[in-house]
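Q: Fold the stuff below for me.
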Amino acid sequence: MRKHFIGHLQTNKAKAIVEVFDVVQSVDRLEAGLALARAADTVAKRLPVLLQVNVSPAERFGCAPDEAEGLAEALRSQPGLRLDGIMAIGPVTPDREAISRAFEVAAKTFGRVGGTTLSIGMSADWREAVRAGSTMVRIGTALFGGRDNP
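A: Predicted coordinates:
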């Protein structure tokens, strides 16, 4: 079983993340990528990562689509990392067209960045993600149910 880390990456946690997880889906800035690369080097591991791209106005993390190619190049220069593609989180909205437009931006960015993995779509928007070319969807809510929010 491969364990994927998804979430905002705190650089001071990079070593623990590299030791526990097999893939990091949320590299959103160079500083985070460099911290992971250093940690991967210390344990002689080549860590697969995805570049998180921000395609949603409500999302707080992710690099801008027009900055993705430059960040991807910088990450690919790190021997401890293997950039496999991109991850994006769609907008939280009932507007299916807005979700589709956001995923199209992610797919176009993936086309420029390259790789094998386009991780877009979750339980509520997987259909739009698959139509946009997603190769990986995250369906935790469909499998485990929603979270209780206090």
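Q: just for the chain, where's the confidence low?
A: Along the chain, the parts satisfying pLDDT under 70 run over 150.
Q: and the residue most central in space within it, what is it in contact with?
A: With the centre of the chain defined as its mean C-alpha position, the nearest residue by CA atoms, centre = their mean is residue 87, 3.0 Å away. Residue 87 sits next to 6, 25-26, 50-53, 117, 119-120 when contact means CB atoms under 8 Å, 6 or more residues apart in numbering. All C-beta atoms are positioned from the backbone trio N, CA, C, and that covers glycine.
Q: Could you list the buried residues of the strand ranked longest in the chain?
A: Counting by DSSP state E, the longest strand found in the chain is strand 81-88. Of the residues in strand 81-88, 81, 83-88 count as buried by neighbour count, 16 or more other CB atoms under 10 Å.
Q: go on, stretch 61-70?
A: Neighbour-count burial for stretch 61-70 flags 62-63, 65, 67-68 (criterion: 16+ other CB under 10 Å).
Q: Also stretch 97-116?
A: Using 16+ other CB under 10 Å as the burial criterion, the residues of stretch 97-116 that qualify are 98-100, 102-103, 105-107, 109-110, 113, 115.
Q: which residues touch the helix of greatest length in the chain?
A: Among the elements of the chain assigned as helix by DSSP state H, the one spanning the most residues is helix 96-113. For helix 96-113, the surrounding residues in contact (CB under 8 Å, 6+ apart) are 51, 53, 55-56, 65, 68-69, 72, 83, 85-86, 88, 90-91, 93, 118, 120-121, 125, 128-129, 131-134.
Q: mind redoing it with 7 Å?
A: By CB atoms under 7 Å, 6 or more residues apart in numbering, the list of residues contacting helix 96-113 from outside reads 51, 53, 55-56, 65, 68-69, 72, 85-86, 88, 90-91, 93, 118, 120, 125, 128-129, 131-133.
Q: Only whichever of these are buried, select them in PyMOL.
A: Isolation of the buried members of the contacts of helix 96-113 (16+ other CB under 10 Å) is achieved in PyMOL through the command below:
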select buried, resi 51+53+55+56+65+68+72+85+86+88+90+91+118+120+125+128+129+132
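Q: Next step: the contacts of helix 96-113 restricted to strands.
A: Judged by DSSP E, strands contain the following of those: 51, 85-86, 88, 118, 120.
Q: Would you mind putting those into TSV with distance to residue 42 alongside?
A: Rendered in TSV, the data for the ones in strands among the contacts of helix 96-113 read as follows (distance: CB to CB, whole Å):
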residue	distance to residue 42
51	22
85	25
86	26
88	30
118	30
120	32
